[in-house]
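In: Structure, please.
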Amino acid sequence: MLALRGSRVFGRRGVLGLAALVMTGAPGCKDGEPGDEAGDSTSAATTAATAATTTATPTTGASAGESSDTGEQAAVTWHQDIAPIVLSKCGGCHIAGGIGPFSLQNYEEAAQFGAAMLDAVERKSMPPFLAETTDECEPRFDFKDDPRLTDDELEKLRAWVDQDRPEGDAKAAAPIDPPMDLELKDADVHLTIPSEVTMTGTKDQYLCFSVDPGFTSDTWLDGLQINAGNPKIVHHVLAYLDENAESADKVGPNGEPYTCFGGPGVSASGLVGVWAPGSLPFVPPDNVAMRVPAGSRIVLSVHYHPTGTEERDNSTSIDLRIFEGLPTYVGMLALVGNEGSQGGGLQPGPNDPGTPVFKIPAGVTDHTEEMFIGLGNDIPELRVFGVTSHMHYVGTDMKISVQHKAPTQGVPDSECLVQTPRWDFQWQRLYGYDTDLDSVPRVQPGDEVHLRCTYNNSMSNPFLAKALSEQGLTEPQDVVLGEATLDEMCLGVFGIAVKLSDVL
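Out: From the prediction side, this is the model:
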């Protein structure tokens with residue numbers, strides 16, 4: 001995975017072409033609101049029914065609650081109708097000890113939350129899936145592992161609640177599709193930060209840990225997962241390759257982290273993974289893998305944010321799964337956006353003083369920042385198999401599009417890849433397209449990425465109000481581009497595959 005804009009997550013510094021990065025072999029920000037317990041939230045909808053990200057097979061037959069030939073309403077029961085929906089779409093999170101605040105694994109557990117589940121689903125706060133089709137964004141493909149209920153499933157849940165949640169016959173229970181895995185399966189390497197961090201006060205900390213995967217020869221990875229040790233204070237984690245193992249000399253004698261900001265502080269690095277609340281394991285399509293050069297170390301760059309009380313982290317970690325042989329495609333993670341000047345593609349905004357500037361004034365409820373970022377004419381063809389948006393607590397909506405310089409047949413000049421109109425920092429994931437790698441959107445030399453981010457920098461934004469209170473503030477502040485909790489971003493994250501033969 002690669003950072004398309006270079007080794008820094010934002011800004012123009014250190015910008016490199018994608019082709020150069022691939023050729024050098026450098027494939028290589030949810031558990032509640034800030035400060036909450038894992039799975040907690042301040043809204044009734046969020047505490048109602050958390051969901052794993054998987055798509056159940058649509059149900060068939062008569063619609064729920066439809067009257068039978070006798071004029072009586074058809075019974076909708078837990079074992080026959082509702083369990084297949086709840087267990088496949090909510091069961092991955094709502095298990096004992098899971099990130100959901102309560103379990104929904106059996107009738108007794110689920111029945112008491114029936115009305116709350118229905119309320120959450122009707123208000124679209126659950127299941128947690130932020131990508132939506134809108135009047136201005138209609139992606140050409142559906143997304144994989146979409147946990148949202150179909151119209152028929154919603155009607156069944158509504159009828160079950162209306163009928164006072166009947167249990168049905170356990171002996172004739174309907175089959176249940178398993179929920180999506182929330183953990184990387186068959187990981188070969190597990191690396192944990194080697195020392196403990198204590199967070200106190202009101203200041204963010206940016207710390208880099210150096211860990212050794214032990215690869216003595218070039219190694220390919222087809223799965224990666226970063227695990228936040230203490231989600232109360234871990235704002236996001238970036239995993240970088242350190243090809244020359246320089247980070248080993250920057251840490252303390254017992255692996256104590258060194259201070260870092262905007263990058264790992266080593267000469268040869270590439271981004272290989274990102275964690276933010278809601279992230280899932282990164283598993284690219286078949287025969288797509290990331291290269292880790294022999295002798296490389298991995299730098300885990302962790303942004304810790306304060307909660308107002310003392311908190312500790314000693315278990316943030318990364319899991320790696322090894323791909324045997326050579327893949328057909330090189331996998332990468334490309335970050336595009338966070339431009340702070342007109343020269344970088346930032347467009348004039350509604351509250352700019354004159355020249356374009358990334359600044360969200362205090363009290364403004366509907367501020368926008370837009371960027372048009374050219375990808376250059378020297379990049380190879382990029383197959384975009386997944387995409388997501390990234391902002392912080394002031395953000396409310398983000399739309400990501402590609403302007404095609406020379407679109408092929410059937411591809412529009414301007415193609416919307418994703419829009420997240422109900423942005424929630426606590427639920428971030430890569431939205432993968434539900435199609436094969438030959439059909440996914442492609443980015444060609446000369447194309448432009450268009451990012452539009454909308455913000456609410458007022459106390460009517462509940463996520464901002466909570467983040468402010470945790471840092472001892474009672475009023476909004478002017479917000480600028482940056483990595484701190486109360487800074488903002490406008491960043492597109494892309495899962496990309498490039499043919500290995502194109503970069504050899």
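In: Please count neighbours and contacts with C-alpha atoms only from this point.
Out: Will do.
In: Assumed Gly92 was part of a strand.
Out: No. With DSSP: H, G, I helix; E, B strand; the rest coil as the criterion, Gly92 is coil rather than part of a strand.
In: shouldn't it be in contact with Pro147?
Out: No. The criterion here is Cα atoms under 8 Å, and Gly92 misses it with Pro147 at 10.9 Å.
In: Comparing the two, which residue is more hemmed in?
Out: Using other Cα atoms under 10 Å as the criterion, Gly92 and Pro147 rank with Gly92 on top: 26 against 23.
In: how far away is that one from Ile318?
Out: Plainly put, Gly92 is 20 Å away from Ile318 if you go by Cα to Cα, to the nearest Å.
In: ok, now Leu280?
Out: Distance from Leu280 to Ile318, by Cα to Cα: 12 Å.
In: So Arg383: helix, strand or coil?
Out: strand.
In: before we move on, what about Phe463?
Out: For Phe463, the assignment made with three-state DSSP gives helix.
In: Now it. Nearest residue, chain neighbours left out?
Out: Spatial nearest neighbour of Phe463, chain neighbours left out: Tyr393 (5.6 Å); criterion: Cα to Cα, 6 or more residues apart in numbering.
In: which residues does that neighbour contact?
Out: Under the criterion of Cα atoms under 8 Å, 6 or more residues apart in numbering, the neighbours of Tyr393 are Asp424, Phe425, Phe463, Leu464, Ala467, Thr485, Leu486, Glu488.
In: secondary structure class for His190?
Out: Of the three states, His190 takes strand under three-state DSSP.
In: Tell me, how many residues neighbour it?
Out: 14.
In: And the helices in this protein, which stretches?
Out: 18-23, 44-48, 83-89, 107-111, 114-122, 151-162, 462-470, 500-503 (DSSP state H).
In: Of those, which stretch is the most buried?
Out: Sort the helices of the chain by mean neighbour count, taking mean count of other Cα atoms under 10 Å, and helix 83-89 sits at the top with a mean of 25.
In: which helices and strands does that helix pack with?
Out: On a contact count with 3 or more Cα pairs under 8 Å, 6 or more residues apart in numbering; DSSP states H and E, helix 83-89 meets no helix or strand.
In: For Val189, see how far away Phe494 is.
Out: Using Cα to Cα, one gets 25 Å for the distance from Phe494 to Val189.
In: higher neighbour count, the two?
Out: In this view Phe494 and Val189 are compared by other Cα under 10 Å, and Phe494 has more residues nearby, 26 against 13.
In: Enumerate every residue touching the more buried one.
Out: Leu333, Ala334, Leu335, Val384, Phe385, Gly386, Val387, Thr388, Leu430.
In: Next, count neighbours for the third one.
Out: Residues near Leu335, counting by other Cα under 10 Å, number 26.
In: for Asn227, what are its contacts?
Out: Counted by Cα under 8 Å, 6+ apart, Asn227 has contacts Trp275, Thr316, Ser317, Ile318.
In: Once you drop chain neighbours, what's closest to the second one?
Out: Once its chain neighbours are removed from consideration, Thr316 has its nearest residue in Gly229; the separation is 3.9 Å (Cα to Cα, 6+ apart).
In: thought the one you found was touching Tyr304?
Out: No. The pair Gly229 / Tyr304 is not scored as a contact, 11.0 Å apart, by Cα under 8 Å.
In: quick one, which of those two is more surrounded?
Out: More crowded of Gly229 and Tyr304, by other Cα under 10 Å: Tyr304, with 25 against 16.
In: and that one, what are its bridge partners?
Out: Beta-bridge partners recorded for Tyr304 (DSSP bridges): Gln205, Val234.
In: That one and Ile193: what is the separation?
Out: 14 Å.
In: ok, back up a step: how confident was the prediction at the residue nearest to Thr316?
Out: pLDDT for Gly229: 94.
In: swap in Gly344?
Out: Taking Gly344 on its own, its pLDDT is 89.
In: Surely it is in contact with Glu370?
Out: No. Counting by Cα under 8 Å, Gly344 stays clear of Glu370, with 11.2 Å between them.
In: need the strands for the stretch 351-500 of the chain, in chain order.
Out: 359-360, 367-374, 382-390, 395-403, 414-420, 431-432, 442-443, 448-455, 479-480, 491-499 (DSSP state E, counting those that start in this stretch).
In: Please name whichever of these is nearest to Asp212.
Out: Counting by Cα to Cα, Asp212 lies closest to strand 491-499 out of the strands of the stretch 351-500 of the chain; the figure is 24.8 Å.
In: and that closest one, which strands flank it?
Out: strand 329-337 (antiparallel), strand 382-390 (antiparallel).
In: Might you calculate how far the last one sits from the centre of the chain?
Out: It refers to strand 382-390. How far strand 382-390 lies from its chain's middle: 11 Å, per Cα atoms, centre = their mean, to the nearest Å.
In: what does the first one give?
Out: Distance of strand 329-337 from its chain centroid, counting by Cα atoms, centre = their mean, is 14 Å.
In: how about the CA coordinates for that strand, as PDB?
Out: What follows is strand 329-337, C-alpha atoms only, in PDB (Å, rounded to 0.1, in the frame of the first residue of the first chain):
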ATOM      1  CA  TYR A 329      -1.100  -7.000  -8.700                       C
ATOM      2  CA  VAL A 330       0.700  -4.800  -6.300                       C
ATOM      3  CA  GLY A 331      -1.700  -3.500  -3.600                       C
ATOM      4  CA  MET A 332      -1.500  -0.100  -2.100                       C
ATOM      5  CA  LEU A 333      -3.200   2.400   0.100                       C
ATOM      6  CA  ALA A 334      -3.300   5.900  -1.600                       C
ATOM      7  CA  LEU A 335      -4.100   9.000   0.400                       C
ATOM      8  CA  VAL A 336      -5.200  12.100  -1.700                       C
ATOM      9  CA  GLY A 337      -6.200  15.400  -0.300                       C
END
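In: Tell me how many other residues surround Leu182.
Out: 16.
In: Repeat that for Gln428.
Out: Gln428: 23 neighbours (other Cα under 10 Å).
In: so where is the stretch 1-150 of the chain shaky, pLDDT-wise?
Out: Applying pLDDT under 70 to the stretch 1-150 of the chain flags residues 1-73.
In: Appreciated, that's everything.
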